[in-house]
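Visitor: The following comprises the amino acid sequence and a computationally predicted model.
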Amino acid sequence: MDRQIAQELLDGMHTGVLWFDADRRLQYMNLAASAMLFQGLSKARGRSFEWFFPRTEVNWDDLSLKVVTLYEQVIEREDGSRLKVSMTLSPYELQGRSGWLVELIEIERHTRIMEEEERWHQYEAGTQLVRTLAHEVKNPLAGIYGASQLLRKRLQNDPKGEQLVDVVAREVKRLQNLVDRMLGPKGGLKLVPHNIHAVLAHVLDALRPEKPDNVAVRLDYDPSIPELDIDFDQMVQVFMNLIRNAFQAMERHGGLVTLRTRVAHRFTLGSRMLPLVVVVQVIDEGEGIPPELFDSIFYPMVTSKPDGSGLGLPISQAILRQHGGLIVAESEPGQTVFSVYLPLERDKIMSREKAKNE
């Protein structure tokens, strides 16, 4: 029982724990370490320390006498992604066998959580201000539109006057549509099990006429991802915004847009630690987001496009929040990545699979 409790405690930790034998070959790691390395223990057991951490230089003779902490070590994973960690190494005997204990703490995770919370509070404050203004504008717009229709009836024999009234009516309708977008998604979610790849296929088909000829799309999908409880139409709106932005970012120079889907383990969304999340990434090779705008791209009315409304990303973020998820952006010249995180509830998946088999 004591060993089982110890195992559960280790698997419940956010810190990655690995144990290498005297020959510096892996014999054990907990779930957090497995998630960081994208490696299961059965596959990884017996591999050398250098195989996992080829860029980490360790003086093993000095290590036999003390504990050493190495900061900002980079883990290069098999899928090409990188993870920055702090690494603590110490001599540690396990069940009478000498070896080395390695502890990994993900640096970016803690930084990301703090940044996300701060940005979310700022985003909520900005959104509340915009919604208040939108409500104040909506009623006068309705009055102006109603007055224009009454005026149009009086000007039936005045073609020039009718034309001017039609301009007023069209502009009022345009402003009403803008106000509706500023107010965000309407109504509650219609959550139905859907395959996330079906959503992406629908979006790509709808955006086919907008894709520049010099842009290619690469699909890097994990076909094992189960169905998610999502609002199909709202999720289409999210990826319509993200993929359209990627196409527009590459209109001048062309290149590759990559759509990647994966399942991540033990991921923190806000204050919740989730065992499993679905990650959908939209990756483009454009010029990147201007640094002066990057921290505010999810705020309403912020855009770098001359004809942009600055509402696509804030609305997308609001939809993801309604789904219990999140959008995270990374950008540098030549690569911009928007990562969409959606919770994958294990209990619902298991009950759904059980129902299918019955």
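Guide: Here it is on my side, so go on. Residues are numbered from 1 along each chain as shown.
Visitor: What are the boundaries of the strands in the stretch 101-250 of the chain?
Guide: Along the stretch 101-250 of the chain, the segments classed as strands by DSSP state E, counting those that start in this stretch run 192-194, 215-220, 228-230.
Visitor: Of the ones you listed, which is nearest residue 138?
Guide: Residue 138 lies closest to strand 228-230 among those, at 29.1 Å (Cβ to Cβ). Where C-beta positions appear, they are placed from N, C-alpha and C, glycine not excepted.
Visitor: on that earlier part again, which one of the strands of the stretch 101-250 of the chain is the most hemmed in?
Guide: strand 228-230 (a mean of 21; mean count of other Cβ atoms under 10 Å).
Visitor: which residues touch that strand?
Guide: Here strand 228-230 makes contact (Cβ atoms under 8 Å, 6 or more residues apart in numbering) with 191-196, 199, 278, 323, 342, 344-345, 348.
Visitor: so how far is it from its chain's centroid?
Guide: Centre-to-centre, strand 228-230 and its host chain are 16 Å apart (Cα atoms, centre = their mean, to the nearest Å).
Visitor: re earlier: including pLDDT and distance to residue 103, could the contacts of strand 228-230 go into JSON lines?
Guide: Compiled in JSON lines, these are given as follows (pLDDT from 0 to 100; distance: Cβ to Cβ, whole Å):
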{"residue": "191", "pLDDT": "87", "distance to residue 103": "39"}
{"residue": "192", "pLDDT": "90", "distance to residue 103": "43"}
{"residue": "193", "pLDDT": "92", "distance to residue 103": "39"}
{"residue": "194", "pLDDT": "93", "distance to residue 103": "40"}
{"residue": "195", "pLDDT": "94", "distance to residue 103": "38"}
{"residue": "196", "pLDDT": "95", "distance to residue 103": "34"}
{"residue": "199", "pLDDT": "94", "distance to residue 103": "39"}
{"residue": "278", "pLDDT": "93", "distance to residue 103": "28"}
{"residue": "323", "pLDDT": "87", "distance to residue 103": "34"}
{"residue": "342", "pLDDT": "92", "distance to residue 103": "30"}
{"residue": "344", "pLDDT": "85", "distance to residue 103": "27"}
{"residue": "345", "pLDDT": "73", "distance to residue 103": "30"}
{"residue": "348", "pLDDT": "52", "distance to residue 103": "34"}
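Visitor: can the residues you listed go into a markdown table with extra columns for distance to residue 244?
Guide: Below are the contacts of strand 228-230 laid out as a markdown table (distance: Cβ to Cβ, whole Å):
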| residue | distance to residue 244 |
| --- | --- |
| 191 | 25 |
| 192 | 24 |
| 193 | 26 |
| 194 | 21 |
| 195 | 21 |
| 196 | 18 |
| 199 | 14 |
| 278 | 21 |
| 323 | 20 |
| 342 | 20 |
| 344 | 26 |
| 345 | 30 |
| 348 | 31 |
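Visitor: Just the buried subset of the residues you listed, written out for ChimeraX, thanks.
Guide: To isolate the buried ones among the contacts of strand 228-230 in ChimeraX, judged by 16 or more other Cβ atoms under 10 Å, type:
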select :194,196,199,278,323,342,344,345
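Visitor: ok, now which ones touch residue 333?
Guide: By Cβ under 8 Å, 6+ apart, the contact list for residue 333 reads 287, 288.
Visitor: any idea of the mean pLDDT in stretch 78-85?
Guide: Averaging pLDDT along stretch 78-85 gives 77.
Visitor: one step back: just the closest of the contacts of strand 228-230 to residue 92, please.
Guide: Distances from residue 92 to those, taken by Cβ to Cβ, are shortest for residue 344, at 34.4 Å.
Visitor: In which helix or strand does the closest residue in space to the closest one that isn't next to it in sequence reside?
Guide: Using Cβ to Cβ, 6 or more residues apart in numbering and skipping residues adjacent in sequence, the residue nearest residue 344 is residue 276, 4.1 Å away. Secondary structure from DSSP states H and E places residue 276 in strand 272-284.
Visitor: which helices and strands does that strand pack with?
Guide: Judged by 3 or more Cβ pairs under 8 Å, 6 or more residues apart in numbering; DSSP states H and E, strand 272-284 is in contact with helix 196-206, helix 232-249, strand 255-269, strand 335-343.
Visitor: how does it look with 6 Å?
Guide: On a contact count with 3 or more Cβ pairs under 6 Å, 6 or more residues apart in numbering; DSSP states H and E, strand 272-284 meets helix 232-249, strand 255-269, strand 335-343.
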